[in-house]
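Trainee: Pasting the sequence and the predicted model now:
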Number of protein chains: 2
Amino acid sequence: MNNCLPKNSVGVVTPVKWCYEHDFTFKCGKVLSGFELVYETYGQLNNNRSNAILICHALSGDHHVAGYHSENDKKAGWWDNFIGPGKIIDTNRFFVVCSNNLGGCSGSTGPSSINPATNRHYGLDFPLVTVEDWVKGQALLADYLGIDRWAAVIGGSMGGMQSLRWAIDYPDRLSHALVIAATSRLSTQNIAFNEVARRAIMSDPDFANGDYYDKENKPEQGLMLARMLGHITYLSDDAMRDKFGRELSDGRIKFGYDAEFEVENYLRYQGRKFVDFFDANTYLLMTKALDYFDPAVDADGDLSAVLKDVQAKFFVASFTSDWRFNPSRSREIVKALLDNDKDVSYLEVEAEYGHDGFLMKIPQYMSGMSAYMERIAAEVECG
Amino acid sequence: MNNCLPKNSVGVVTPVKWCYEHDFTFKCGKVLSGFELVYETYGQLNNNRSNAILICHALSGDHHVAGYHSENDKKAGWWDNFIGPGKIIDTNRFFVVCSNNLGGCSGSTGPSSINPATNRHYGLDFPLVTVEDWVKGQALLADYLGIDRWAAVIGGSMGGMQSLRWAIDYPDRLSHALVIAATSRLSTQNIAFNEVARRAIMSDPDFANGDYYDKENKPEQGLMLARMLGHITYLSDDAMRDKFGRELSDGRIKFGYDAEFEVENYLRYQGRKFVDFFDANTYLLMTKALDYFDPAVDADGDLSAVLKDVQAKFFVASFTSDWRFNPSRSREIVKALLDNDKDVSYLEVEAEYGHDGFLMKIPQYMSGMSAYMERIAAEVECG
C-alpha cells in the first residue's frame, strides 16, 4: 500500500475481467452467447472458502466499491467508508467481491459492447435485464471463484433488491442477506419518476434510438436531466434545505434563467459529472430492472409466500427520511420474513439524509451494521 | 343558460380582454408600455361594489375558472365545482373575477405576444414576472372594474401565494384572503423540481432559445417532460398507488420501452394534453415566479414581521397528503398571523389526493370553506 493512501484503505486495487463463454438466457427470453463481468476483490478467501461477501451495487454504482485505482487516485470506491481493514466490512476477515452488473457501463457486457452478431454496439438491442438476471450472473461468477456459499450478500437500494433476490433464488448459497434502504417492489410514484427519466433520455435527439456510440454527440442533456431528477429523490427535503436552503449563488436574484439558487448549481453539477462516466442506455436498462422487480408477483403479490423457503438470515435497514424507499417498505419485508419465522434483524435509522443515507457514516447505522457483521464474522471464524 | 349545461353552472361565459395603456414597471426593472389581461366574471356586482371576489389561478390554470365557453363545450372552467349559483363560491351572492396572469398564455400579454419594439414575439425577452407583479396587474384591473376592495381574494397553490401577497401589498383592498394548499416560499426541493422542469424545456432543441413561435416545431418534448414531472408532485404516493398501482397496460411485462405500467401511459397522456394548450416560455416564467416568491425576505426571513400590517382576515387550508406544499408550510403562515393576533381560520384537510386536493370536492374541505364563505357573504350582505 502506498503511503499517500489512507491507512485503513484496501489500497490500490485492480479490476479483473471474467469471461463467461456459454449461452446465457435472460428472463426476457433473449440469449447472449457469453458475457464479460468486471469485478474487484479485497481481502483473502479463507481455506474453507467460507468468508466471501458479495456486495451488490446500486443504480449508478459499479464494481469499484473500495480502495483506489492508482496511488494518485483521489477518489475511493463508492463504499470505501464501510469496506477495508478494520472497517465494518472488515477485509482482514472477509473476502469481498463486487462486480459491475450485466448491462452496466463500467466494463461488464452491456449496451455499449459490440454485438458479435452485427459487429455493432448493442444499444437498444441489449436484452432488458432483470434483478434475477443479475443474480444469476453473479452466481456464475461465484461458481468461477469457487464460492459455493456467500457468508453474506449485501446491498443498498437496487443492491438490496439483489440481496433479497439472492435469498429467494439461491437459498442455500448465502448465509446472510443484508437488505438496506430497499423495497420488495417499486411504488407507482417510483415508477413514475423512472418513466420521466427515461423519457428525458429517449426524447433527446442525440439519443438516436440508442445508436449514439459512434456519433459525435451523446444524449447528454437527457441523461443529465435523468440524473438531476434522480438526485432529488435521493435526498430528503430537510437534507436539501439544510445543505442549500434558498441560498443564491450571487447573493441576489438576477431575473434570468442561469442557475440562481445554489441548489440549481448543485443539480447541474451533479448532472454534468454523471454524463462523463455513465451510459444512457445502461440508465434505461437499470431503471427498467427496478420497475420490473417484484418477487411477490410470483405468488399473486404475497411476499410472505415467496420468502417461505429462504434460508438466509436477514439484516434489514431503512432510513426515516428516505422518501424514495421509505421505512414502511422495509417493514413489509421484515413482516413477510417474520410471517415465516425467519431470523431477521431490523434497524430503522433516524437520519435526515434521505435515501442516500445508506452510503453515509451515520452512527446508529454504523453501530447496528457493525454488530451484525461481527455476528457474521464470528460464525465464519467458529465455523 | 342552455338546457344542455348543468343547472348550477354559471352557463356560457365569454372572456373579456382589458387593455392597460400605460407604462408598467416589473419588479425586475423592465417596463412594458401597457399590457392586455383577459378575464372572466360571473354574477353581478352589487350596488355598493362590495361583493367582488378575485380568484387567482395556479401554474397551469387561467381566467376560465367556471362555466362553459359554448353551449356544446364539454369542459367546464377549472374550479367549476366550487363556483356557480348555489355553490360554495355562490355567484348568486358574489361577483367573481378571474384573470389570466400577466405572462400567461391564454390571452393575457405574455411571451407569445408581439413586442412592439421589435415586432417579434417576446419569447425570452418577456420580463421575468413575480407574484408582486401579478398582484399589481390585478389591482389595476380592479381599478378599471371599479372595485376598491375585494370581499375576498382566493387562490390555491400559486394562487394562494397571490392571495397572501394581496394581503401584504394592498392591506386595505381586501376583506378576506383565502390561502389554500400554498406556502410562503418554496422549499429547496420545490426549487429543485422546478429547475429540472426548466432544464427539460430549455435543453429541447426545438426550444430555440425561446424563439419557436414561428417555427414548425415547438419544444413539445421538453414541456411534456416538465408537465409529467409536475404531475408526480401534484399527487400523493398513496393516490398514485390507489389509482394505478403496478397495473400493466397489457396485463404483462413486454420487456421494452413503450409504456408498460398504467402510470406511464397516464403521465404521457397528461404530458401530451398539456403541450396542446400551454406555452413553454410561460411555463418557465411561472416556475421562476414561484421560486422567487418569498415575502419574508423583505424582513430578513421574518414572516411575522411582514404580516404585521395585513388587515384581511385569513382562511388557510392544507391537505395532509400534499408533499409539494405540506401542511407544515401552511402552519407557518398561520403561526405568523397568530404572532400578530390576526383573525385566521385554519383547516387541515385529511385527504389522500396530494396537492391536487385543493381542486377536489373533499367533504371536510367543502364544508370548512363553505362555512367561511357564508361568513363573508353575511358580512357583505349586512353591509
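Mentor: Looks like it came in fine.
Trainee: Need the single longest helix in chain A, by residues.
Mentor: The helix that spans the most residues within chain A, counting by DSSP state H, is helix A:363-382.
Trainee: Going along the chain, name the helices of chain A.
Mentor: Using DSSP H, helices in chain A cover A:131-145, A:158-169, A:188-202, A:220-234, A:237-244, A:262-275, A:280-292, A:303-306, A:327-339, A:363-382.
Trainee: In a markdown table, list those helices along with mean pLDDT, distance to residue B:173 and mean neighbour count.
Mentor: Every C-beta, even on glycine, is put in place using the N, C-alpha and C of the backbone. Conversion of the helices of chain A to a markdown table gives the following (pLDDT from 0 to 100; distance: least, CB to CB, whole Å; neighbours: other CB atoms under 10 Å in any protein chain shown):
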| stretch | mean pLDDT | distance to residue B:173 | mean neighbour count |
| --- | --- | --- | --- |
| helix A:131-145 | 98 | 60 | 20 |
| helix A:158-169 | 98 | 55 | 27 |
| helix A:188-202 | 98 | 41 | 24 |
| helix A:220-234 | 98 | 39 | 24 |
| helix A:237-244 | 94 | 34 | 17 |
| helix A:262-275 | 96 | 35 | 19 |
| helix A:280-292 | 98 | 51 | 24 |
| helix A:303-306 | 98 | 59 | 18 |
| helix A:327-339 | 98 | 47 | 18 |
| helix A:363-382 | 97 | 53 | 16 |
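Trainee: mind checking which of those is nearest residue B:130?
Mentor: Among the helices of chain A, the nearest to residue B:130 by CB to CB is helix A:262-275 (17.6 Å).
Trainee: Where does the record place the domain boundaries for chain A?
Mentor: Here the domain assignment for chain A is A:16-186+A:294-382, A:191-287, based on automatic domain parsing.
Trainee: is the last one anywhere near chain B?
Mentor: So the one you mean is domain A:191-287. Yes - contact between domain A:191-287 and chain B, assessed by CB under 8 Å from any CB of the partner chain, occurs at A:191-193, A:195-196, A:198-200, A:202-205, A:221-222, A:224-225, A:228-229, A:232, A:235, A:237, A:240-241, A:243-246, A:253, A:255-257, A:259-261, A:263-264, A:267-268, A:271, A:284.
Trainee: want to throw the helices of chain A into TSV with distance to residue B:74?
Mentor: Formatted as TSV, these follow (distance: least, CB to CB, whole Å):
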stretch	distance to residue B:74
helix A:131-145	45
helix A:158-169	44
helix A:188-202	27
helix A:220-234	34
helix A:237-244	39
helix A:262-275	40
helix A:280-292	35
helix A:303-306	44
helix A:327-339	40
helix A:363-382	55
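Trainee: Per-residue pLDDT of residue A:2, please?
Mentor: At residue A:2, the predicted lDDT confidence score is 48.
Trainee: and the residue lying closest to residue A:70 once chain neighbours are set aside, bridged to which residues?
Mentor: In this structure, residue A:70 finds its nearest non-sequential neighbour in residue A:12, 6.2 Å apart by CB to CB, 6 or more residues apart in numbering or on different chains. Applying DSSP bridges to residue A:12 gives these bridge partners: residue A:68.
Trainee: Give me the neighbour count for residue A:12.
Mentor: Residue A:12: 15 surrounding residues under other CB atoms under 10 Å in any protein chain shown.
Trainee: go on, residue A:215?
Mentor: 10.
Trainee: isn't it right next to residue A:209, touching?
Mentor: No - using CB atoms under 8 Å, residue A:215 is not in contact with residue A:209; the gap is 11.2 Å.
Trainee: residue contacts, residue A:327?
Mentor: Residues near residue A:327 by CB atoms under 8 Å, 6 or more residues apart in numbering or on different chains: A:318-320, A:348.
Trainee: Kindly report the same for residue A:265.
Mentor: Residues in contact with residue A:265 (CB under 8 Å, 6+ apart) are A:249, A:259.
Trainee: what's the closest residue to residue A:366 other than its chain neighbours in contact with, if anything?
Mentor: Nearest residue to residue A:366, sequence neighbours excluded (CB to CB, 6+ apart): residue A:88, at 6.3 Å. Taking CB under 8 Å, 6+ apart, we find residue A:88 in contact with A:82, A:366, A:369-370, A:373.
Trainee: roughly how far apart are residue A:88 and residue A:368?
Mentor: 10 Å (CB to CB, to the nearest Å).
Trainee: Then residue A:47?
Mentor: Residue A:47 is 30 Å from residue A:368, by CB to CB.
Trainee: how far out from the middle of the chain is the longest strand along chain A?
Mentor: Among the segments of chain A that qualify as a strand by DSSP state E, the longest is strand A:31-42. Mean-position distance between strand A:31-42 and its chain equals 16 Å (CA atoms, centre = their mean, to the nearest Å).
Trainee: With stretch A:336-344 instead?
Mentor: Chain-centre distance of stretch A:336-344: 25 Å, with CA atoms, centre = their mean.
Trainee: Go ahead and name everything in contact with that stretch.
Mentor: For stretch A:336-344, the external contacting residues (CB under 8 Å, 6+ apart) are A:184, A:303-304, A:306-308, A:310, A:313-316, A:334.
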